[in-house]
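**Student:** Next one to model:
(4 chains)
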4 protein chains.
Amino acid sequence: MATTRFHDDVPDVNGLYADLAAADLQPLWVQPDLLSRRPNRLAPHIWRWKTLRDLAERSGDLVGIERGGDRRVLSLAHPDLGGLPFATHTLWGAVQFLGGGELAPAHRHTPAALRFVLEGSGVWTLVNGDPIHMAPGDLVLTPSWTWHEHHNPGPEPMIWFDGLDLPLVRNLDAIFFEPGGDDLSGYEPVHSSRSEMRYGSAGLLPVADEQVVVQDPASGRHSRLLAYRWPAADAALTRLIESTGRREASVRYADPASGRDIMPTLRAELHRVLAGHRTQTVRATGSGIWVVYRGSGATVIDGRRFRWTAGDMFVTPSWAAVDHEAGDDADLFLVSDRPALEALGLARTEEAQQQDVRADDA
Amino acid sequence: MATTRFHDDVPDVNGLYADLAAADLQPLWVQPDLLSRRPNRLAPHIWRWKTLRDLAERSGDLVGIERGGDRRVLSLAHPDLGGLPFATHTLWGAVQFLGGGELAPAHRHTPAALRFVLEGSGVWTLVNGDPIHMAPGDLVLTPSWTWHEHHNPGPEPMIWFDGLDLPLVRNLDAIFFEPGGDDLSGYEPVHSSRSEMRYGSAGLLPVADEQVVVQDPASGRHSRLLAYRWPAADAALTRLIESTGRREASVRYADPASGRDIMPTLRAELHRVLAGHRTQTVRATGSGIWVVYRGSGATVIDGRRFRWTAGDMFVTPSWAAVDHEAGDDADLFLVSDRPALEALGLARTEEAQQQDVRADDA
Amino acid sequence: MATTRFHDDVPDVNGLYADLAAADLQPLWVQPDLLSRRPNRLAPHIWRWKTLRDLAERSGDLVGIERGGDRRVLSLAHPDLGGLPFATHTLWGAVQFLGGGELAPAHRHTPAALRFVLEGSGVWTLVNGDPIHMAPGDLVLTPSWTWHEHHNPGPEPMIWFDGLDLPLVRNLDAIFFEPGGDDLSGYEPVHSSRSEMRYGSAGLLPVADEQVVVQDPASGRHSRLLAYRWPAADAALTRLIESTGRREASVRYADPASGRDIMPTLRAELHRVLAGHRTQTVRATGSGIWVVYRGSGATVIDGRRFRWTAGDMFVTPSWAAVDHEAGDDADLFLVSDRPALEALGLARTEEAQQQDVRADDA
Amino acid sequence: MATTRFHDDVPDVNGLYADLAAADLQPLWVQPDLLSRRPNRLAPHIWRWKTLRDLAERSGDLVGIERGGDRRVLSLAHPDLGGLPFATHTLWGAVQFLGGGELAPAHRHTPAALRFVLEGSGVWTLVNGDPIHMAPGDLVLTPSWTWHEHHNPGPEPMIWFDGLDLPLVRNLDAIFFEPGGDDLSGYEPVHSSRSEMRYGSAGLLPVADEQVVVQDPASGRHSRLLAYRWPAADAALTRLIESTGRREASVRYADPASGRDIMPTLRAELHRVLAGHRTQTVRATGSGIWVVYRGSGATVIDGRRFRWTAGDMFVTPSWAAVDHEAGDDADLFLVSDRPALEALGLARTEEAQQQDVRADDA
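**Tutor:** Modelled structure (predicted):
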């Protein structure tokens, strides 16, 4: 807003300002620029896998999960956010480390969470009692207000990426939290989770369960499928590239029963860029956290180049110009707040010219 | 409507009736009961595979496809429909026979069609140029206004079930038809159709194609996936039965990108009933054609029992009480007009008590 | 479908045909052209007010409502529909005559009905107990499965147009009907119906009633407003013409709480054309019944000109080219099946060149 | 989250913490409680009309609009929000004062705004060139990204309440702003705005404009009606109370063409409570700003009683227990973020027992 800051020596004006402050009022004309020309609240930022992995492991060694709270989580704290443990204004990103034999007990909360597995295998995540096995590259959902807990029965630790809409839900003052009881949940290792047994076939929906959905409309707001396996995602990208003949492909993880995003607040995608290819530069409202799953390359964000290899995580701010260039064939997992922007009428997208690289943040 | 038929000897009334008829008007009070207490326009009916197959084969021998029109199709003509070649008021059902080396050339029409393969293998159906291989138990879609043609390059004939919404579209006077040109379409045998390459993964949707969809909203009215393979459907039912512990399971074929029915007018389902199990009796508005794919058993429809084995086809009328009992493990394919009823606010469903069998149509 | 009719002297073929007929099967290649190039099932047709009014009045004199059934209704019977009392394949149109002091008792049915008042005033239509006063130019709804009855407490007769989706619902075999009991409903003459008290303000929706709607989703399929008054419709058209500066304007009657059509199956519109103006020629799928409320002019339908004055009713078939030319300022009420076409993916519209008039049906 | 804060004297742990901080990471187990049991970020707060009016007038005297920026706005600055000029985490509330002969020039921004007029009459607000006259009790919308400006051609000042979703849009980092040019807009005083000419009739929607909407889907996200007049709102409440026989009634301002909220992010309602009546206590997620338009009474919020008279403004936090008791017949205008909560799957509502009053903030 074209707020010409207004200073005056007239004593009456100073008295007005004092009276306004005393009345919990602020004059618009002396406020900092609240109405910026375009989104500008964050810079891009990158966290390196070597550091993340090392610190996660040290945390595992030094801080027992029973003393360190329910979860051993290192959250990405964007330096532009004044000390809040948030990766962007709306998104929480973190690495979670669960040692061999450890258990992260049950709780539930309105912020929705997803897990994208980076290292290790064999943890069971129970979602409302449905045991979901986790292996590298798998995406596992723990939607809003579902009970969830993580069991690592094996000897090896596991590390995964946590993505949550916690900052967004907190901004809306809609956080509810409930801890589970002291009793441990029992579960049977199973070939496949119930959600996969029911919703794991493309275009084949169970008839009976749909009737349940009608009786409980709220259950339709997040994906009915709670696990998306790496081999399926890998194959889907391979087929897309074969089908289109292009050097890149992307899939959006979606509810098989509606095609909608996995959560009303979160979009998850997997992007593959083949070696040597550079993608079209695009600006879009909404922020994202990218997790490099495989390969190496660089992403140019508003003219700054960020080089990356597997395990690195970086943030793209709202309305930043973004393109990727792969060194080796690369797969990047993305979680973004885009569905919230779309639902609230704030989604904009624009293709941009290929960016000049002004700075190299390698 | 409680239309008391009214007869009068007063000459004025007879004169009135004559004048009404001359003016293309009808008095409601002498009309046949248009407003029945409940749906009542059709009886159930069954067609036997032995007959269907035999007559299809004889047609193949006697009537060359080049002389007999574009398609060698025997349509189910319900005896209650006054000679129209329709299985129900809204649904077309037929067996189509395509001999070895034969070609059913391209055309398109607003009625939507599906094919459920019963016998033989190796035909390629091209849908808007996308070649789709056909094998037993596969469901293949040729949606409204898509170009489609069938090629049988092998030596053996194929027989499949055709289901269309043609009677419904005709009732709405919305039929458009366009024949293809004389040139033959070339195609490359492929491992998988383009639609399967893009939409064949549960919950993994291509990002780029969705942008296309936004630009052409009409393309979102039918399923983006055009082929549903038997092994996937079979496995989905197996998993459902394992997951629920029940003796029956059903899947609805759906658009992977929206969860909606395959067509705005047609629902397709696959029902599995295990040997010895009898299903809950249900009434629902809307009519259906059932095709027995595997096994044997019987269906009770408004108190009449129809015994069936593989390949038999039968019709369930609107609001009929229906339940199935399997002799051997049985799989029944169903096509119905239910989405039309739902879209128009006319869907009703009601569970009923198990029916007494009043008549046995075996 | 390019069905070359196939005749053959080979005795085997004749035997095949006989066997097919015996098996309730029909060969596609000898069927009449089911797949027409474009919709073609109806011609346009017109009924004259002078005739309609005269015959309605004679019916009132000669046929007591207590002997002639629940309703004294003369239905438009399109000559192309083989004796059925239907105006088009999907629409019922009629004039209803209710004499002074007469009562049309309560019943309900799944076909939805609307009433557009042509002559007289003072009838109360009760819809689920809500008393709605009727006056010329008012549109009153009796949606699917609502109880409704008509009371004429005054001395003068009333005549209104009835529009129903009965042929469509019958084609879908979804008719349910229930007569009311013998007891007469009492009602209090009121300033305004309950539906108008709650939904009669543009853009101001009652908060509490919406919660009711959530609990009963079915109630949201038809308009919550049951009466649209002539003065409001007249004023809306006047404002539109003033606002746009054009010589024509049209409003669609809509549910104030959703903007959707008054019924899932029926659209109602009011079209005003100022003297001397001729409208753009348009083709659209779906059929309509036009009721001339005011003024005079002509409509050209597929090259045939139909001249009309107030009270005349005419039918426009699916995909017919249609334009109107007003002599005096004219208001035409339209009921059509267009929402059904849209819901089922069969809606097409196309602007056409102004038609030459080939025939004059004046 | 049950985060047991963890302190340790082990030097390694302190080194770990230092290394985490250096790497822009935070351990979850030492974070303040981000996951509260229930929403808790704000206390209720009230601003008094006497103060608001007095300070607005003094601002008008002391700070010329040409020197003080585009708008003379005093924003409600909730003391719990650390100096930000926001009424709640998601909502901006303010009083705007426009002196006689003053002009607030054109600009546009993605935050959506509404104006509820408190005092004075005669300002014209131009929204994308459509001139809208303003009078007490009117609600006028300036939706996201519409050009808007305010002209006060008369001699008297006007004061209105401004409600915006600015904090929410800022939290989503989706603010775009564009100042208008230097040229003044001309406009003709008109009887009614274009939006009212087209959308001002309950249930009567212009046919032609709807085609425009189809071509520009984005335009359907906010209300097509831009002004809701006090006499209509007043009459709607009177009719509701007459119709229901209750001592309270509420209307939601809605898009006449869809029934949806006026903005995707904002709900506006008008609540009437008759003298002596106390409403049901309700908790709901989402925050609101209440503006007392008429009458006097008190609102109990989480056990604290806030007495109010006309012009007072108060905030109800997310999940606070709220009920109102009217002294005189009272009308309260409410703007809330509820549509955002609903769109994102975070809406909860619960009826509560009548609250004990623990504190009296009179």
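**Student:** I figured A:Asp323 hits A:Val300, correct?
**Tutor:** Yes. At 5.4 Å, A:Asp323 and A:Val300 qualify as touching, with contact defined as Cβ atoms under 8 Å. For every residue, glycine as well, the C-beta is placed using N, CA and C.
**Student:** So A:Ile132: helix, strand or coil?
**Tutor:** strand (DSSP: H, G, I helix; E, B strand; the rest coil).
**Student:** just A:Ser185 next, same as before
**Tutor:** For A:Ser185, the assignment made with three-state DSSP gives coil.
**Student:** One more: the one 5 residues further on?
**Tutor:** Reduced to three states with three-state DSSP, the structure at A:Val190 is coil.
**Student:** roughly how far apart are the closest residue to it other than its chain neighbours and chain C?
**Tutor:** Excluding the flanking residues, the one nearest A:Val190 by Cβ to Cβ, 6 or more residues apart in numbering or on different chains is A:Pro131, at 5.8 Å. Applying Cβ to the nearest Cβ, to the nearest Å, the value for A:Pro131 to chain C is 34 Å.
**Student:** which residues do A:Asp323 and A:Val300 both contact?
**Tutor:** Here A:Asp323 and A:Val300 have A:Thr281, A:Gln355 as joint contacts, going by Cβ atoms under 8 Å, 6 or more residues apart in numbering or on different chains.
**Student:** Looking at these two, which is more packed in?
**Tutor:** Set A:Asp323 next to A:Val300 and count neighbours by other Cβ atoms under 10 Å in any protein chain shown: A:Val300 wins out with 26 against 17.
**Student:** Which strand or helix spans the more buried one?
**Tutor:** A:Val300 belongs to strand A:296-301 when assigned by DSSP states H and E.
**Student:** Parallel or antiparallel, list what pairs with the next helix or strand after that strand.
**Tutor:** As assigned by DSSP H and E, the chain's next helix or strand after strand A:296-301 is strand A:304-309. Using DSSP bridges, the strands paired with strand A:304-309 are strand A:296-301 (antiparallel), strand A:359-360 (parallel).
**Student:** Show me what counts as buried in strand A:304-309.
**Tutor:** Burial within strand A:304-309, assessed by neighbour count using 16 or more other Cβ atoms under 10 Å in any protein chain shown, is assigned to A:Arg304, A:Arg305, A:Phe306, A:Trp308, A:Thr309.
**Student:** out of the strands paired with strand A:304-309, deepest packed?
**Tutor:** strand A:296-301 (a mean of 22; mean count of other Cβ atoms under 10 Å in any protein chain shown).
**Student:** roughly how far out does that one sit from the chain middle?
**Tutor:** Distance of strand A:296-301 from the chain centroid (Cα atoms, centre = their mean, to the nearest Å) equals 19 Å.
**Student:** Just the residues contacting that strand, thanks.
**Tutor:** For strand A:296-301, contacts defined as Cβ under 8 Å, 6+ apart pick out A:44, A:273, A:281, A:290, A:305-310, A:314, A:316-317, A:320-328, A:330, A:355, A:357, A:362.
**Student:** A:Gly120 contacts A:Asp138, doesn't it?
**Tutor:** No. In this structure A:Gly120 lies outside contact range of A:Asp138 using Cβ under 8 Å: 11.3 Å.
**Student:** For A:Asp80, which residues are in contact?
**Tutor:** Contacts of A:Asp80 (Cβ under 8 Å, 6+ apart): A:Arg41, A:Leu42, A:Ala43, A:His45.
**Student:** In a helix, it, correct?
**Tutor:** Yes. According to three-state DSSP, the state of A:Asp80 is that of a helix.
**Student:** What pLDDT does the model give it?
**Tutor:** Per-residue confidence (pLDDT) for A:Asp80: 96.
**Student:** cool, A:Ala218 as well?
**Tutor:** 47.
**Student:** quick one on the thing from earlier: can you add pLDDT and give the buried residues of strand A:304-309 back as CSV?
**Tutor:** Below are the buried residues of strand A:304-309 laid out as CSV (pLDDT from 0 to 100):
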residue, pLDDT
A:Arg304, 97
A:Arg305, 97
A:Phe306, 98
A:Trp308, 98
A:Thr309, 98
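**Student:** quick revisit: what about the residue nearest to A:Val190, how many neighbours?
**Tutor:** So A:Pro131, with other Cβ under 10 Å, has 19 neighbours.
**Student:** quick one: it from chain D, how far?
**Tutor:** A:Pro131 sits 22 Å away from chain D, going by Cβ to the nearest Cβ.
**Student:** Low-confidence bits of the stretch 201-350 of chain A, can you list those?
**Tutor:** Within the stretch 201-350 of chain A, the ranges that satisfy pLDDT under 70 run A:209-220.
**Student:** still on that earlier bit, can you redo the strands paired with strand A:304-309 as JSON lines with distance to C:Asp61?
**Tutor:** JSON lines is the format used below for the strands paired with strand A:304-309 (distance: least, Cβ to Cβ, whole Å):
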{"stretch": "strand A:296-301", "distance to C:Asp61": "85"}
{"stretch": "strand A:359-360", "distance to C:Asp61": "94"}
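**Student:** Relative to B:Met197, which of the ones you listed is closest?
**Tutor:** Across the strands paired with strand A:304-309, B:Met197 has its closest neighbour in strand A:296-301 (25.1 Å, Cβ to Cβ).
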